[in-house]
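*Asks:* quick one: sequence plus predicted model below, questions after.
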Amino acid sequence: MSRVGNKPIHVPDAVKVTLSGREVSVEGPKGKLVFEHHEVIAVCEDNENKCLLVQRPNNERLSRSLHGTTRSLIANMVEGVANGFERKLELYGVGYSATLNGRKLSLVCGRANPAELMVPDGIEVEVSMAQSRGDNDPARFVVRGCDKQKVGQFAAQCRSARKPEPYKGKGIRYAGERIIRKVGKAFAGAGG
């Protein structure tokens with residue numbers, strides 16, 4: 001039995017859920033999301049407990065695999081429109097910086113030209129303007145939105161502009177990400 005799929009999805013008071021056929025529409029203070037689930041899975045509303053239940057008709061492999069996934073996707077939608085999601089990123093390196101011009105994020109990260117990324121609809125980017133950064137203080141920016149998949153995808157796209165390298169640790173990384181450092185080459189005449 002799927003433990004994740006059997007858990008009810010509690011809906012906060014600020015969130016409005018609409019079920020019409022296979023379409024689940026969730027609206028809250030942070031935005032509106034729509035999801036169409038697979039025809040094998042059934043989603044029903046429990047008005048007494050103010051929650052959603054995801055059910056499967058049988059124990060076939062397809063039903064089992066979609067049960068927990070559908071429940072997690074709908075729970076993330078409810079969480080996203082109520083509170084939102086965010087990913088914090090840091091730029092490590094001399095001269096590395098991030099600037100936002102309208103809907104265009106420009107990342108200067110040690111290449112000849114800055115990496116310019118268009119911010120998708122439904123995503124907000126906030127660049128911290130720390131004027132007195134020290135040598136070891138990274139430039140920071142935050143990707144926010146109500147759709148967890150869009151936030152994660154855009155954060156990964158930003159990180160891929162300059163992935164952290166293992167020797168000096170330069171590059172774009174998630175806040176709190178630990179980079180395993182390698183030892184560089186030894187000097188030629190030092191061994192013996």
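*Replies:* Right, received. Where do you want to start? Only a predicted model underlies this, so the values are computations on that prediction, with no experimental measurement involved. Numbers count the residues shown, from 1 in each chain.
*Asks:* leaving out the residues flanking it, which one is nearest to the residue most central in space within the chain?
*Replies:* Residue closest to the average C-alpha location in the chain (Cα atoms, centre = their mean): residue 152, at 2.5 Å. Nearest residue to residue 152, sequence neighbours excluded (Cβ to Cβ, 6 or more residues apart in numbering): residue 87, at 6.6 Å. Every residue, glycine included, has its C-beta placed from N, CA and C.
*Asks:* quick one: buried residues of the host helix or strand of the one you found?
*Replies:* Secondary structure assigned from DSSP states H and E places residue 87 in strand 85-92. For strand 85-92, the neighbour count (16 or more other Cβ atoms under 10 Å) marks 85, 87, 88, 89, 90, 91, 92 as buried.
*Asks:* please convert the residues you listed to TSV, extending it with distance to residue 148 and pLDDT.
*Replies:* As requested, the buried residues of strand 85-92 are exported to TSV (distance: Cβ to Cβ, whole Å; pLDDT from 0 to 100):
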residue	distance to residue 148	pLDDT
85	5	96
87	10	96
88	15	96
89	16	95
90	21	93
91	23	92
92	26	91
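*Asks:* and the longest helix for the protein?
*Replies:* helix 61-82 (DSSP state H).
*Asks:* enumerate the positions of that one that are buried.
*Replies:* 63-64, 66-82.
*Asks:* show me the chain divided up by domain.
*Replies:* What the record gives for the chain is the domain set 3-82, 85-174, from automatic domain parsing.
*Asks:* all strands of this structure, in order?
*Replies:* 9-10, 16-20, 23-28, 31-36, 42-46, 51-55, 85-92, 97-101, 104-108, 115-118, 123-127, 139-145, 171-174 (DSSP state E).
*Asks:* any chance of a markdown table for these, columns distance to residue 157?
*Replies:* Output for those, formatted as a markdown table (distance: least, Cβ to Cβ, whole Å):
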| stretch | distance to residue 157 |
| --- | --- |
| strand 9-10 | 29 |
| strand 16-20 | 30 |
| strand 23-28 | 25 |
| strand 31-36 | 20 |
| strand 42-46 | 31 |
| strand 51-55 | 30 |
| strand 85-92 | 11 |
| strand 97-101 | 13 |
| strand 104-108 | 10 |
| strand 115-118 | 6 |
| strand 123-127 | 10 |
| strand 139-145 | 10 |
| strand 171-174 | 10 |
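*Asks:* so which of those comes closest to residue 185?
*Replies:* With Cβ to Cβ as the criterion, residue 185 lies closest to strand 171-174 of the strands of the chain, at 20.0 Å.
*Asks:* okay, and the beta partners of residue 35?
*Replies:* On the basis of DSSP bridges, residue 35 takes part in beta bridges with residue 24.
*Asks:* residue 77 is in contact with that one, correct?
*Replies:* Yes: counting by Cβ atoms under 8 Å, residue 35 touches residue 77, with 6.1 Å between them.
*Asks:* quick check: neighbours shared by these two?
*Replies:* Common contact partners of residue 35 and residue 77 (Cβ atoms under 8 Å, 6 or more residues apart in numbering): 24, 26.
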